[in-house]
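**Q** need coordinates for the following:
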Amino acid sequence: MSEAGIVIVGAGQGGFQAAASLRDSGYEGRLVLVGDEPGLPYQRPPLSKAYMKGEAGIEQIELRAAAFYADHRIELINARATAIDRPGKRLLLEGGESLPYAHLILATGARNRPLPVPGHDLAGVFYLRTLADADALKGKLDVARRVVVIGAGFIGLEFAAVARALGHEVVVLEGASRVLARAVSPDMSAFFADAHAAMGTKLVLGAGVIGLRGEAGHVTGVETGDGTVHPADFVLVGIGVVPNVELAAGAGLEVANGIVVDAHLATSDPAISALGDAVAYPSRFAGAHVRLESVQNAADQARSLAHRLTGKVAPTGEPLPFEAVPWFWSDQADLKLQMVGLAAPTDIAVLRGDPASRRFSVFRFRDGVLTAIESVNRGADHMLGRRLLAGTPTLTPEQAGNEGFELKSLLAK
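**A** Predicted structure coming up:
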């Protein structure tokens, strides 16, 4: 019988980082990384930016070369996990094979939310989540001229910026009243809407998509609720993701907007932990369980979990809980948006800097307490925010809005 070591389901950023961190933390047992995509684990963020533009090839986006896995005794298995046999502590794979585990880590990630309208299955309708998706889109960008993007979230706007830079006509349709509505303040939404309009992108807000038109099986346009049909040579759909919780739910683990874990990323089964985009975890920054779709969050959770599984504890002797400050980023043309912390929609926004300079920040506060910072091309504010929010921030709204106030002075207190 094969050795029962640690088995990780999901070979994305979180799964890879868990394997690497386990070895870095001294784990010596069998270590298996199961992924259902061919090839080596790779980074997803460049798919909508550098890889799409041809500025980075597959070698540049692979997380590590093949030799890394051999050197660190990480077994890569390309297969789809179909079920968890919790009593027998085995992971079942498509094709009938199974893997024994002493501990199982679910890093199953998320998948694109499908567009629920007539015509969604026409040729020329694309999503962007995987390397295969990116390769298919790159091929279309070589020939197509009219592009319709459905969804003004990060993926949609990042792709729109690339398509415009390549000379395509781009229309972005967004059902909400502003771009990036779920992620940033109204001030930041307005800035990015103006920036994309200046690039030549047509933004249509409050645009509910009711169907896709096609001829000979290929998409030719996107129809919105007001009856307008926006011509399209191809369409990119970016309307969010759905967490991959089916494996956990099928095994009887608690699921509620994600695989539910505790502060140590443990599920209700002590032999199973979970991390990444598919996980709902208790966050002091949200004040509740939250599910974050973030490369950095997945990687930070992987490191924290590796520490727990290899016995690293707090001075009290208790396992260290996951408490990393959440942060995110998005590159759109020459604009680097960096966000740290978690703001509620009602948190007030304080502007620092001039948006016209394309270097500014928006500080968010709740009851006078700093909750988040959104920065454009202003990395120092972002880095300071990560340090402030790791502790008990003392920055006031008045200080944040005063360019003459030296933010770094707070770090000495």
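
**Q** what comes up buried for whichever strand or helix holds G221?
**A** G221 belongs to strand 218-224 when elements are defined using DSSP states H and E. Residues V219, T220, G221, V222, E223, T224 are the ones in strand 218-224 that count as buried (16 or more other CB atoms under 10 Å). C-beta coordinates here come from the backbone N, C-alpha and C atoms, glycine included.

**Q** any idea which of those is closest to A160?
**A** V222 (14.1 Å; CB to CB).

**Q** what residues are up against the closest one?
**A** By CB atoms under 8 Å, 6 or more residues apart in numbering, the contact list for V222 reads V148, I150, V171, L173, V209, G211, L212, R213, V229, H230, A232, V235.

**Q** tell me if the last one really is in a helix.
**A** No: in this structure, V235 is strand, not part of a helix, as judged by DSSP: H, G, I helix; E, B strand; the rest coil.

**Q** what's the spacing between it and K53?
**A** With the distance defined as CB to CB, to the nearest Å, V235 ends up 20 Å from K53.

**Q** can you add neighbour count and give the contacts of V222 back as JSON lines?
**A** As requested, those are arranged in JSON lines below (neighbours: other CB atoms under 10 Å):
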{"residue": "V148", "neighbour count": "26"}
{"residue": "I150", "neighbour count": "25"}
{"residue": "V171", "neighbour count": "20"}
{"residue": "L173", "neighbour count": "24"}
{"residue": "V209", "neighbour count": "24"}
{"residue": "G211", "neighbour count": "16"}
{"residue": "L212", "neighbour count": "25"}
{"residue": "R213", "neighbour count": "16"}
{"residue": "V229", "neighbour count": "13"}
{"residue": "H230", "neighbour count": "20"}
{"residue": "A232", "neighbour count": "27"}
{"residue": "V235", "neighbour count": "28"}
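
**Q** circling back: which element follows the strand holding G221 toward the C-terminus?
**A** strand 229-231.

**Q** residues in contact with that following strand?
**A** By CB under 8 Å, 6+ apart, strand 229-231 touches R146, V148, V171, L173, V204, R213, T220, G221, V222, E223, T224.

**Q** neighbours around the residue lying closest to R308 once chain neighbours are set aside, how many?
**A** Nearest in space to R308, with sequence neighbours left out and distances taken as CB to CB, 6 or more residues apart in numbering, is P319 at 4.9 Å. With neighbours defined by other CB atoms under 10 Å, the count for P319 comes to 18.

**Q** P319 reaches H264, doesn't it?
**A** Yes: in this structure, P319 is within contact of H264 by CB atoms under 8 Å, at 5.3 Å.

**Q** give me the common contacts of the two.
**A** Joint contacts of P319 and H264 (CB under 8 Å, 6+ apart) are R308.

**Q** show me the helices in the stretch 201-350 of the chain, by range?
**A** 246-250, 295-309 (DSSP state H, counting those that start in this stretch).

**Q** the helix or strand harbouring M188 packs against which elements?
**A** Under the criterion of DSSP H and E, M188 resides in helix 186-199. Helices and strands touching helix 186-199, by 3 or more CB pairs under 8 Å, 6 or more residues apart in numbering; DSSP states H and E, are helix 154-165, strand 202-205, strand 327-332, strand 335-341, strand 348-354, strand 359-366, strand 369-376.

**Q** tell me where the model's unsure across the chain.
**A** 1, 412-413 (pLDDT under 70).

**Q** mind giving me the domain ranges of it?
**A** With domains defined by automatic domain parsing, the chain comprises 5-111+242-309, 114-239, 334-412.

**Q** out of those, which comes closest to E323?
**A** Going by CB to CB, the one of those nearest E323 is domain 5-111+242-309, 6.7 Å.

**Q** now distance to R44 too, for the contacts of V222, in CSV please.
**A** CSV is the format used below for the contacts of V222 (distance: CB to CB, whole Å):
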residue, distance to R44
V148, 23
I150, 20
V171, 25
L173, 23
V209, 25
G211, 30
L212, 26
R213, 31
V229, 32
H230, 28
A232, 25
V235, 21
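
**Q** that's a strand at G385, yeah?
**A** No: counting by three-state DSSP, G385 is not found in a strand; it is helix.

**Q** contacts only, for it.
**A** Neighbours of G385 in contact, by CB under 8 Å, 6+ apart: V340, G341, L370, A372, I373, S375.

**Q** so which of those is the most crowded?
**A** In the contacts of G385, the most neighbours by other CB under 10 Å go to I373, 29 neighbours.

**Q** sec struct for T394, please.
**A** coil.
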